[in-house]
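Peer 1: quick check, what structure comes out for this input:
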Amino acid sequence: MKPLLLIVDDEKSTRMALSSALEDSYDVYTAAHAQAARAILESESVDLLLTDLRLGGESGMDVIDYARKQPNPPQCIMMTAYGSAGTAAEARKHGAYYFLTKPLDLDEVELLLRRAAQARRLEQENAQLSTRLQPAPGLDRMLGHSMQMQGIFNRISQVAPSTASVLISGETGTGKELVARALHNLSPRREKHFVAVNCAALSPQLMESELFGHEKGSFTGAVQRRIGRFEEAAGGTIFLDEIGEIDMPTQVKLLRVLAERTIERVGSNTPIPVDVRILAATNRNLAEMVQEGTFRQDLYQRLNVISIHLPPLRERGEDLVLMAQAFLRDLCRENHKEEKSFSREALDALRAFSWPGNVRQLRTAVEHGVVMSRDQTIRPEDLPDYLLAPAPPAPSPENIPSLPDFELAKLPSLNLKWVEQHVIRLALQRAEGNRTIAAALLGINRRTLQRKLAEPTDESAGT
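Peer 2: Residues are numbered from 1 along each chain as shown. Predicted structure coming up:
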């Protein structure tokens, strides 16, 4: 749809000339005075307002004031034959996007209207996103409107009230601790402690004491009794992050806790009952570690009663802008900055990046933009340099296994849509799920592959 443009000028010749010049690109309304302009602003969703300063006995400033008070205000441009620096500054105070001096240069008018229309679209997108920035109750700032994340939210809500152990998997930075906190917040244990332990940060010598506590004199430096994390979490939830990093002796002791619901402090043989729900997370493949003999199968089975896998950010394209907007709002506040917005080019740069560090990396990139931008708009040059670097070349075809040959005559259907979907599935299978390699096999770029995967499948074509 064309943007709706309202031209307000008491000179008929100016109204008609502008309307004639701009009607191919805009849905043009005209008004000869402020009262008529207000009536149009009340009845129509005006995108752009181009108003003269002097409108008989009224001022174009009043029209802009009225326009900016509308629920979905337009971008406003002031024009006048009596321009001055003071008048321009006053127009901006009233909310004018720009100030034009008559006689008008039509090329300049068209350029400014295009820019104002783009700013208007960004305002609308930001307003729509703002209504979606509130997480569901209890989900601890988890955001996402993709089908993947909605499925995860539903799973969290279903699993949270139980006492079952949950294993949360996903790449670094995908938000595994947020899932654990959401499971705790939605559980009957929400009033008790949530205790998080980063297993990767503890040496094997300290791990047992950290988890189970120790008695005074149990080892050098144990000058007093220490309560471990399991006792600290009594009645609540303990979250064991990077569970794949714990050594075999500690795995044995942890297995006993899961089996018997008791612990023993280092230096003591007295069992201590513990009522605690155990949540664990890992960025490693524990099933493979079991096969390799580096993780106990019985412990894996007890931890993996319920599994929740978080997809990487690169597979959640529709959630990326939503999260970037949420980070932008919070980080402006944290860094004592006025509210900012992303330019369209900046959003394109965010969408195009692969985000190996996932949500955590996105947050730091947005904070970089908040700090480095000089005005209220974050542009590509305000973002980290790595976002602007050229994309790495696609894998060389000679290094990629070719797709298996197949005979068209043996396919269950020659429906073109079905054949395309079938070949895409073959490419993903051969690339072991790596979409970059699959795209190279297919001779298309990754973005095109993402778009084709998002298209509805033709379930009936193959039958």
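
Peer 1: any idea which helix or strand carries Met78?
Peer 2: strand 75-80 (DSSP states H and E).

Peer 1: partner strands of that strand and their direction?
Peer 2: Neighbouring strands of strand 75-80 in its sheet, by DSSP bridges, are strand 48-52 (parallel), strand 96-101 (parallel).

Peer 1: roughly how far is the next helix or strand after the shortest one from the heart of the chain?
Peer 2: On the C-terminal side of strand 48-52, the nearest following helix or strand under DSSP H and E is strand 54-55. Per C-alpha atoms, centre = their mean, to the nearest Å, the displacement of strand 54-55 from the mean C-alpha position of its chain is 46 Å.

Peer 1: what mean pLDDT would you report for strand 54-55?
Peer 2: The pLDDT scores in strand 54-55 average 88.

Peer 1: so what are the sheet partners of it and their directions?
Peer 2: Each strand paired with strand 54-55, and its direction, by DSSP bridges: strand 58-59 (antiparallel).

Peer 1: can you count the residues close to Met147?
Peer 2: 11 (other C-beta atoms under 10 Å). Any C-beta I mention is one placed from the backbone N, CA and C, and that applies to glycine too.

Peer 1: now the helices for the stretch 201-350 of the chain?
Peer 2: Assigned by DSSP state H, counting those that start in this stretch, the stretch 201-350 of the chain shows helices spanning 204-212, 229-232, 248-260, 286-292, 297-303, 317-334, 344-352.

Peer 1: gap between the nearest residue to Leu167 once chain neighbours are set aside and Ile243?
Peer 2: Computed as C-beta to C-beta, 6 or more residues apart in numbering, the closest residue to Leu167 that is not its neighbour in sequence is Asn304, at 4.4 Å. Computed as C-beta to C-beta, to the nearest Å, the Asn304 to Ile243 distance reads 10 Å.

Peer 1: and what of Gln421?
Peer 2: Counting by C-beta to C-beta, the gap from Gln421 to Ile243 is 38 Å.

Peer 1: low-confidence ranges in the stretch 101-250 of the chain?
Peer 2: The model of the stretch 101-250 of the chain has pLDDT under 70 over residues 125-141.

Peer 1: what lies in contact with the lengthiest helix in the chain?
Peer 2: Secondary structure of the chain per DSSP state H: the longest helix is helix 106-130. Identification of contacts with helix 106-130 by C-beta atoms under 8 Å, 6 or more residues apart in numbering yields 3, 5, 18, 21-22, 25-26, 47-48, 50, 72, 74-75, 77, 97-98, 100, 321-322, 325, 329, 341-344.

Peer 1: quick revisit: mutual contacts of Asn304 and Ile243, please.
Peer 2: With C-beta under 8 Å, 6+ apart, Asn304 and Ile243 have common neighbours Leu167, Leu286.

Peer 1: who's more crowded, those two?
Peer 2: Ile243 (26 against 15).

Peer 1: give the closest residue to the more buried one in space, chain neighbours not counted.
Peer 2: Sequence neighbours aside, Ala280 is the residue nearest to Ile243 in space, at 4.1 Å (criterion: C-beta to C-beta, 6+ apart).
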